[in-house]
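Asks: I'd like to go over a predicted model; first the sequence, then the structure.
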Amino acid sequence: MASANDPGLFSTSSGNDAGGNPPDSPEPRKIGDVPPLRALLALLTVIFVVEYLFMVVHSFLNVQMFWLELIDPLLLVLVALPTAHFFFYRPMKLLVSERDNRVAQLETTRKKLERSLAFEQALMQNAQEGVIVVDGYGDIASWNPKAESIFGYAAEEAVGRNIVLIVPEKYRKEHLAGLERFRKTGTGDVVGKVVELSGLRKNGAEFPVEVGVGSFRREGGDWWAIATVKDLSQQKVMERNGLRHERLASLGTLSAGLVHEILNPMNIISTTAQVMRMESADPAVREEADVLLLQVRRIAELTSSIRSFADGMKEEAGAADVRTMLDSVLDSMRENLDANHVAISKNYGDGPAAVASELLIKVFRVCILNALDAMKPHGGGTLSVATAKSKGLMEISISDDGVGIPPELQERIFDPFFTSKEPGKGVGLGLSIANTIVRDLGGTISVNSEAGKGTCFKIILPTGDGDPKGEA
């Protein structure tokens, strides 16, 4: 957090004016105008005059010294008391009153400034966007908690350092040129605007941010800037997902028509090949017919996958128990798993595990087949399946200890027609279909993989008997 001595966000002047005097302070008094000194001078003048008169009386009237010595103090008292009252006590009383009023005004002003500072700090601390204040040289003067969470730097680490701390290296030269212009004129390409830029986290990751920049002048005419920062990472992910889903929907519509157009000629080819095989006695012709039929079957499998991708999610299916579906898929693949030396580890959670659709069998089969293919290069391994339920959410994990997925491929594995398998061993629609099914059921599917150590597919679905938001 920034210290209490940091300049305020919106303050443009300090408590004193350019001469160092408090605001609205009176002009300094001259020596002759100070009431106590003036009263003292008046009192001494009166005493001098009275003594002088007594000396004159004594000299010209020859009054006896005894009476003069007796009357002198009395006259001095009679003259001095009123003089002291009017020329000393009353001015002093007025001066003290004036001082007390001034102290009260200063105290009121101090409390107002404290309340203003507290309000300003509350705005900074509770802002839902990062708030950063920098001087004309780009040095950070204020850094709120949201900025801490966005960039990863605590206020103690950021305050006092230059703003290039959070600017990616490739943009720093351009940024410093803009800062030089801002320091001289208070203007710039982003000042007074809300723009999308790239930020740099403490861990070195570059990410998209929305920045709004304003400028203000401090005492002495220096330009300062205040910026609000919003992390756009999640928003960009959602935008990409939305665009991807739109493309998938369009592709599904196109695929449905494409399958129809492909199957019609394939049926004719298949029928012709079967007739050739049955009627011809020539081994070469029969062999050619077998090749045709094999390729027709491959095309049929491909079109079946495309059809599942296009409209397989529209099938009507009732609710089913997750554990029952997982066991069903594992049992149907038991022979294949055993043949590849794959052991099975189950860890099912307690309680009911019903979800909305039996379509998940397709999802489980795709994930397990991918796990099996990943463990074949190792000569086998362990396939782990687990379920857990909490507050209306069902989590299913399917893990393997196979070869893993390279990081550069993990973001693409759910794309249609993307595959890392050898030609003829996959068309790249399985995981895309699985992703579409899970999404249509209101859930999510994600992958976590490390090359050489294995892969984990995690599926999270609402069960309808709790509050899914509780697990957000």
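Replies: Thanks, I have it. Residues are numbered from 1 along each chain as shown.
Asks: Could I get the full set of strands for the stretch 51-200 of the chain?
Replies: 130-134, 140-143, 194-200 (DSSP state E, counting those that start in this stretch).
Asks: Just put the ones you listed in a markdown table and tack on mean pLDDT.
Replies: Formatted as a markdown table, the strands of the stretch 51-200 of the chain follow (pLDDT from 0 to 100):
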| stretch | mean pLDDT |
| --- | --- |
| strand 130-134 | 91 |
| strand 140-143 | 90 |
| strand 194-200 | 89 |
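Asks: now, of the ones you listed, which is deepest in the fold?
Replies: strand 140-143 (a mean of 24; mean count of other CB atoms under 10 Å). Where C-beta positions appear, they are placed from N, C-alpha and C, glycine not excepted.
Asks: what residues does it touch?
Replies: Outside of strand 140-143, the residues within contact range by CB atoms under 8 Å, 6 or more residues apart in numbering are 2, 6-7, 9, 124, 131-135, 153, 155, 158-163, 165, 224.
Asks: the helices in the stretch 51-200 of the chain, which residues?
Replies: 65-84, 90-126, 145-151, 155-158, 172-185 (DSSP state H, counting those that start in this stretch).
Asks: how near is the nearest residue to Met124 once chain neighbours are set aside to Leu123?
Replies: Once flanking residues are discounted, Met124 sits nearest to Asn144: 4.5 Å by CB to CB, 6 or more residues apart in numbering. Taking CB to CB, to the nearest Å as the measure, Asn144 falls 9 Å from Leu123.
Asks: between these two, which one's more packed in?
Replies: Asn144 (25 against 13; other CB atoms under 10 Å).
Asks: next one: phi and psi at that one?
Replies: Its backbone dihedrals place Asn144 at phi -90, psi 170, with angles given as degrees, to the nearest 10.
Asks: same thing with Ala281?
Replies: Dihedral angles for Ala281 - degrees, to the nearest 10 - are phi -100, psi -10.
Asks: can you give me the strands for the stretch 201-350 of the chain?
Replies: All strands of the stretch 201-350 of the chain, identified by DSSP E, counting those that start in this stretch, fall at 206-217, 223-231, 320-321, 342-347.
Asks: And the pLDDT at Ile31?
Replies: In this model, Ile31 is scored at 38, pLDDT.
Asks: Ok, the one 10 residues further on next?
Replies: Reported pLDDT at Leu41 in the predicted model: 60.
Asks: One more: Arg334?
Replies: As predicted, Arg334 sits at a pLDDT of 86.
Asks: Around it, count how many other residues there are.
Replies: Close neighbours of Arg334, defined as other CB under 10 Å, add up to 12.
Asks: Ok, the one 10 residues further on next?
Replies: Ile344 is surrounded by 14 other residues when neighbours are defined as other CB under 10 Å.
Asks: Residues in a beta bridge with it, which ones?
Replies: Using DSSP bridges, the beta-bridge partners of Ile344 come out as Leu383.
Asks: In contact with it, which residues?
Replies: Residues near Ile344 by CB under 8 Å, 6+ apart: Leu330, Leu337, Thr382, Leu383, Ser384, Val385.
Asks: So, low pLDDT: which residues of the stretch 351-472 of the chain?
Replies: Applying pLDDT under 70 to the stretch 351-472 of the chain flags residues 351-358, 416-429, 464-472.
Asks: what about the strands in it?
Replies: Residue ranges of the strands in the stretch 351-472 of the chain, as given by DSSP E, counting those that start in this stretch, are 354-355, 381-390, 393-400, 444-450, 454-462.
Asks: Mind putting those into CSV with mean neighbour count?
Replies: Listed next are the strands of the stretch 351-472 of the chain as CSV, based on neighbours: other CB atoms under 10 Å:
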stretch, mean neighbour count
strand 354-355, 20
strand 381-390, 19
strand 393-400, 22
strand 444-450, 16
strand 454-462, 21
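Asks: could the ones you listed go into TSV alongside distance to Met375?
Replies: Output for these, formatted as TSV (distance: least, CB to CB, whole Å):
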stretch	distance to Met375
strand 354-355	27
strand 381-390	4
strand 393-400	5
strand 444-450	13
strand 454-462	8
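Asks: Relative to Arg412, which of those strands is closest?
Replies: Taking CB to CB as the criterion, Arg412 comes closest to strand 444-450 out of the strands of the stretch 351-472 of the chain, the separation being 10.7 Å.
Asks: Residues contacting the closest one, please?
Replies: Here strand 444-450 makes contact (CB under 8 Å, 6+ apart) with 363, 404-405, 410, 413-414, 434-435, 438-439, 455-460.
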